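**Student:** What follows is a predicted structure for the sequence shown.
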Amino acid sequence: MPQSFFILSKENLELATDEVIAIAKSYDKYAKFDSYSNLLLIQSKTPWYKIAQRATFVKTAGQIIEKMSNLFLQNSSVLKNSKTIACKIINLSSKKINTTEIVRVMGNMFTKFCQAKVSLDDPDLTIYLVCTNFLSFLGFSTRVKKVSRPKKIVKCPVELDWKLSRVMINLAGLKENDVVCDPFCGTGTTLLEAESMGVHAIGIDFDKKMCEITKKNLAANGFNSQVINANFSSILKIKDKIDGIVTDLPYGMASKSSESPDKLIQKFVRIIPRDKKIAIMCKKGFENKIKLKPTKKYELYRHKSLSRTIMVK
């Protein structure tokens with residue numbers, strides 16, 4: 001079974017690691033994992049690029065070359081079909097490495113067998129030597145079509161960061177053609193990220209203005225997610241249509257209600273269908289007030305006056 005490697009951003013490393021694992025498991029429940037700091041190795045039938053295209057915090061990814069031999073060099077279709085090639089070293093170890101000399105030797109060896117030209121500008125094939133304090137290996141990646149970011153023509157100063165929205169969708173284990181609901185959709189960040197990954201989405205918001213903004217943002221990308229102008233309790237009417245719930249619980253829900261934000265959010269959590277995949281973000285400390293019993297929690301420092309908690313169930 002192929003083994004892939006993923007170099008992760010060290011920003012929110014636990015979140016980054018669990019996201020990639022969640023994506024892999026959503027496609028292949030038998031996938032196996034090993035991690036070394038910000039290097040994650042995955043043995044799975046799922047191709048590396050399918051995981052990397054969905055992940056938020058992956059910097060570099062590819063497939064590990066299991067056995068380095070003349071047999072691989074002479075018979076690899078990947079090498080034979082490549083017209084341009086690049087060699088790179090990723091040094092995650094504490095040792096200094098003469099990268100220039102090693103890259104030169106690697107380049108000479110691989111170009112000899114595949115008759116390709118060296119090109120650092122978007123090559124057909126990139127060969128990596130990855131070094132850590134525990135192991136070193138060769139890997140490769142082929143050119144993969146870049147996924148364009150969804151456009152957002154109308155924004156809000158306090159809207160959910162797209163990276164966190166995307167990572168919550170992935171942590172929830174939602175995959176293509178699943179349906180996610182954001183019952184506090186705001187300007188539509190969750191809906192945009194879901195649709196960009198092939199996950200269908202339904203948004204709910206009690207603020208008519210926000211619903212109109214969401215519709216404009218969706219239309220700008222050619223997405224047709226359903227947007228419902230209603231209270232969050234409308235989720236009960238569509239529960240049989242959805243596979244998961246991903247949302248950022250808002251701070252100012254009391255502005256148009258006689259009830260406090262705490263009570264409203266507690267009401268919301270009580271009506272969540274427990275058989276759905278769930279990823280919810282809330283203000284740090286509030287997770288202790290709601291009875292969700294998450295399988296995993298992540299604390300995120302946003303700025304000096306605000307920290308957030310992601311709960312996944």
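**Tutor:** Received the coordinates, thanks.
**Student:** If you count neighbours, what's buried in stretch 170-177?
**Tutor:** For stretch 170-177, the buried set under the neighbour-count rule, 16 or more other CB atoms under 10 Å, comprises Asn170, Leu171, Ala172, Gly173, Leu174, Lys175. Using the backbone N, CA and C atoms, a C-beta is placed for each residue, glycine as well.
**Student:** residue contacts, the second one?
**Tutor:** The reference is to Leu171. Contact partners of Leu171, counting by CB atoms under 8 Å, 6 or more residues apart in numbering, are Leu15, Asp18, Glu19, Ala22, Ala279, Lys296, Ile310, Val312.
**Student:** The first one looks like it's in a helix, true?
**Tutor:** When you say that, I think you mean Leu15. Yes: counting by DSSP: H, G, I helix; E, B strand; the rest coil, Leu15 falls inside a helix.
**Student:** Tell me the confidence at it?
**Tutor:** The predicted structure scores Leu15 at 96 on the pLDDT scale.
**Student:** Wait, it touches Ala22, no?
**Tutor:** No: the pair Leu15 / Ala22 is not scored as a contact, 10.3 Å apart, by CB atoms under 8 Å.
**Student:** related to what we said a few turns ago, quick one: which two of the buried residues of stretch 170-177 are the most distant?
**Tutor:** Between any two of the buried residues of stretch 170-177, the greatest separation by CB to CB is 12.4 Å, found for Leu171 and Lys175.
**Student:** domains of the chain?
**Tutor:** The chain breaks down into these domains under automatic domain parsing: 3-142, 162-312.
**Student:** I'd like those domains as JSON lines, with distance to Lys155 appended.
**Tutor:** Formatted as JSON lines, the domains of the chain follow (distance: least, CB to CB, whole Å):
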{"stretch": "domain 3-142", "distance to Lys155": "19"}
{"stretch": "domain 162-312", "distance to Lys155": "6"}
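**Student:** Nearest approach to Ser148 belongs to which of these?
**Tutor:** domain 162-312 (8.2 Å).
**Student:** next one: the closest one to chain centre, how far?
**Tutor:** Offset of domain 162-312 from its chain centre (CA atoms, centre = their mean, to the nearest Å): 16 Å.
**Student:** and it, how far apart are its ends?
**Tutor:** End-to-end distance for domain 162-312: 17 Å, by CA to CA, to the nearest Å.
**Student:** pLDDT on it, on average?
**Tutor:** For domain 162-312, mean pLDDT rounds to 90.
**Student:** Which positions in stretch 100-115 come out as buried?
**Tutor:** For stretch 100-115, by 16+ other CB under 10 Å, it's Val103, Met106, Gly107, Phe110, Thr111, Cys114.
**Student:** now the helices for the stretch 51-200 of the chain?
**Tutor:** 70-75, 77-80, 99-114, 162-171, 189-196 (DSSP state H, counting those that start in this stretch).
**Student:** Tell me how far the longest one lies from the chain's centre.
**Tutor:** Read that as helix 99-114. In terms of CA atoms, centre = their mean, the centre of helix 99-114 is found 33 Å from the chain centre.
**Student:** export it as PDB, just CAs?
**Tutor:** Output of helix 99-114 as PDB, limited to C-alpha atoms (Å, rounded to 0.1, in the frame of the first residue of the first chain):
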ATOM      1  CA  THR A  99      22.200  20.700   0.200                       C
ATOM      2  CA  THR A 100      23.900  22.100  -2.900                       C
ATOM      3  CA  GLU A 101      26.100  19.000  -3.400                       C
ATOM      4  CA  ILE A 102      23.300  16.500  -2.600                       C
ATOM      5  CA  VAL A 103      20.900  18.200  -4.900                       C
ATOM      6  CA  ARG A 104      23.500  18.200  -7.700                       C
ATOM      7  CA  VAL A 105      24.100  14.400  -7.300                       C
ATOM      8  CA  MET A 106      20.300  13.700  -7.100                       C
ATOM      9  CA  GLY A 107      19.700  15.800 -10.200                       C
ATOM     10  CA  ASN A 108      22.400  14.000 -12.200                       C
ATOM     11  CA  MET A 109      21.100  10.600 -11.200                       C
ATOM     12  CA  PHE A 110      17.400  11.200 -12.000                       C
ATOM     13  CA  THR A 111      17.800  13.200 -15.200                       C
ATOM     14  CA  LYS A 112      20.000  10.400 -16.500                       C
ATOM     15  CA  PHE A 113      17.300   7.900 -16.300                       C
ATOM     16  CA  CYS A 114      14.200  10.000 -17.200                       C
END
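**Student:** Residues contacting it, please?
**Tutor:** Applying CB under 8 Å, 6+ apart, the contact partners of helix 99-114 are 73-74, 79-80, 82, 85, 87-89, 91, 116-118, 125, 127, 129.
**Student:** Repeat the analysis, applying 6 Å as the threshold.
**Tutor:** Leu73, Leu79, Ser82, Ile85, Cys87, Ile89, Val118, Ile127 (CB atoms under 6 Å, 6 or more residues apart in numbering).
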